[in-house]
Structure formats: C-alpha cells, structure tokens
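**Student:** Output the structure for:
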Amino acid sequence: MIDQFAEATGDHQFIHVDPAKAAMTPFGGTIAHGFLTLSLMPLLSAKTALPTIAGVKMGVNYGGNKVRFLTPVRSGKRVRGRFKLLELTEKRPGQWQQTNEFTVEIEGEDKPAMIAEWISQIFV
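**Tutor:** Numbering: from 1, shown residues only. Below you'll find the predicted structure:
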C-alpha cells in the first residue's frame, strides 16, 4: 500500500520506499506516508457504527480543523480508526455538516499515529 501511494502521489522519499536507507533512520525501517494514514479515513469509517442520516445522496470532504501526525506507522503494522462525532448541524434544508474526531491507532503502540478533526458536508 505504501509503494502504491508513493506511485500515486509522486512522494518517493526514501523513508517510505527504500528499506535499506530507512533502516539507518530513527524509524528503523520504512514508514507510511502521513497523508496515506489520513486517506484511510473512508475505509476505516466504513467499518464503524457511526451515526448516519437517512436518505443521504452524497457526502463530500469539507476540510479539517486540525491534523496531527503523532507516531509513524511502520511498514507492516496494522491500524484501526476510532471516530467520535463532535458536531452535526443542519446548514440549510438538505445539507448537514458533520465534524468528527478521527484517531488512527497502531497495533501494539501506546500513542496514536494521527488525530484529526475532520468536517464533511452531507446532502440528503
């Protein structure tokens, strides 16, 4: 997944794609791109029981209030997403704004990989 993300984004920094060079860093090996971790949000949220709004036609990313990459995700590590609904408001008839706290946890690690406060627009 890391190599595919590097190809898709053009981010071929050695800490992501060169195991030999990355082994000489404090990370001890290759790590996932921070933006790869962030991009897992749709996949991980689909596996949770987030509240839903009936009759949704589409949802779009609106942006983030904050994103912090706290711990690198080493190649081969498993992650899971935790979501906390912070706010859900009707902006106008048929349009809702949802703000979630999105935390990516790394299996076997005490500190999360990332915490983000993310906003979506939902149209019904």
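
**Student:** And the strands in the protein?
**Tutor:** Taking DSSP state E, the strands of the chain run over residues 58-69, 79-92, 95-106, 114-123.

**Student:** Need the ones you listed in TSV (columns: mean pLDDT).
**Tutor:** Below are the strands of the chain laid out as TSV (pLDDT from 0 to 100):
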stretch	mean pLDDT
strand 58-69	95
strand 79-92	94
strand 95-106	95
strand 114-123	96
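
**Student:** Tell me, what's the model's pLDDT at the residue nearest the centre of the chain?
**Tutor:** Against the mean C-alpha coordinate of the chain, by CA atoms, centre = their mean, the closest residue is residue 38 at 2.5 Å. Looking at residue 38, its pLDDT reads 95.

**Student:** hang on, the earlier thing: mind checking the strands of the chain for the one nearest to residue 23?
**Tutor:** Closest to residue 23 of the strands of the chain, according to CB to CB: strand 95-106, at 19.0 Å. (Each C-beta comes from the backbone N, C-alpha and C, glycine too.)

**Student:** Contacts for the closest one next, please.
**Tutor:** With CB atoms under 8 Å, 6 or more residues apart in numbering as the test, strand 95-106 has contacts from 37, 40-41, 44-45, 50, 53, 62, 65, 71, 73-74, 77-91, 112-124.

**Student:** ok, now stretch 12-20?
**Tutor:** For stretch 12-20, contacts defined as CB under 8 Å, 6+ apart pick out 2-3, 5-6, 21-22, 25, 27, 29-33, 75.

**Student:** Give me the neighbour count for residue 72.
**Tutor:** Neighbours of residue 72 under the rule other CB atoms under 10 Å: 23.

**Student:** okay, now the residue nearest to it when sequence neighbours are not counted: neighbour count?
**Tutor:** Counting by CB to CB, 6 or more residues apart in numbering, the nearest residue to residue 72 once its immediate chain neighbours are dropped is residue 31, at 4.0 Å. Other residues within reach of residue 31, judged by other CB under 10 Å, total 22.

**Student:** Residue 31 is in contact with residue 22, isn't it?
**Tutor:** Yes. Assessed by CB atoms under 8 Å, residue 31 is found in contact with residue 22 at 7.2 Å.
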